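Student: What would the 3D arrangement of this be:
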Amino acid sequence: MQTSCQPNRRSVGRPAEIRRPRRQRRGFTLIEVLLVVAILGVIAAAVVPALIGRQADANAQVTKTSIKGLEQALKLYALDHDGEYLSGGKDALPQLAQAGEYRGKKLKPYLDEVPKDAWGEPLYYEYPSGKAGEKPAIWSSGPNRQNEDGGGDDITNWKDN
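Tutor: Numbering: from 1, shown residues only. So this is what the prediction gives:
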């Protein structure tokens, strides 16, 4: 039997510095990391092709909008110049971004700047032209950035792209 003066050996533990701390989990195992990477890879493989196709469509739509905006500026130019469009090629387009005068009437610029396509390339312009009928021909060199004179992947204002 125990006396009250003797400590119970079972109740007395090791000193705190000798006790072993419980193992704590400090990170992820290699298997867990590889599993997450594999899941992300599967998701990326499903999503990325869809996004790439959307980007190409968006670039084409932006370019069509730039062409329509240039067409509108050219129509305003024609209204102020007795129904005549700006003659020449793409080198004539900067005139639309400059103030001018016609028959004594001061004219404001029709554009802030000459628009470019979604790929940062200048738009091509031709008037007179047989490509677009009676209106000016405007086109972009398209995603391949090579002027195919309105053919190939060029985006134009005279054919449905």
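Student: May I ask which helix or strand encompasses the spatially most central residue of the chain?
Tutor: The centre of the chain sits closest to residue 55, judged by Cα atoms, centre = their mean, with a distance of 6.3 Å. Assigning secondary structure by DSSP states H and E places residue 55 in helix 30-80.
Student: Which strands and helices lie in contact with that helix?
Tutor: Packed against helix 30-80 by the contact rule (3 or more Cβ pairs under 8 Å, 6 or more residues apart in numbering; DSSP states H and E) you find strand 137-140, strand 155-156. In short, each C-beta sits where N, CA and C put it, glycine included.
Student: Paired strands for the longest one, with orientation please.
Tutor: What it means is strand 137-140. If you go by DSSP bridges, strand 137-140 pairs up with strand 124-126 (antiparallel), strand 155-156 (antiparallel).
Student: I'd like the distance between the residue lying closest to residue 115 once chain neighbours are set aside and residue 123.
Tutor: Of all residues not flanking residue 115 in the chain, residue 66 sits nearest, at 4.2 Å (Cβ to Cβ, 6 or more residues apart in numbering). Distance check for residue 66 against residue 123: by Cβ to Cβ, to the nearest Å, it reads 7 Å.
Student: Low-confidence ranges, this structure, go.
Tutor: 1-25, 161 (pLDDT under 70).
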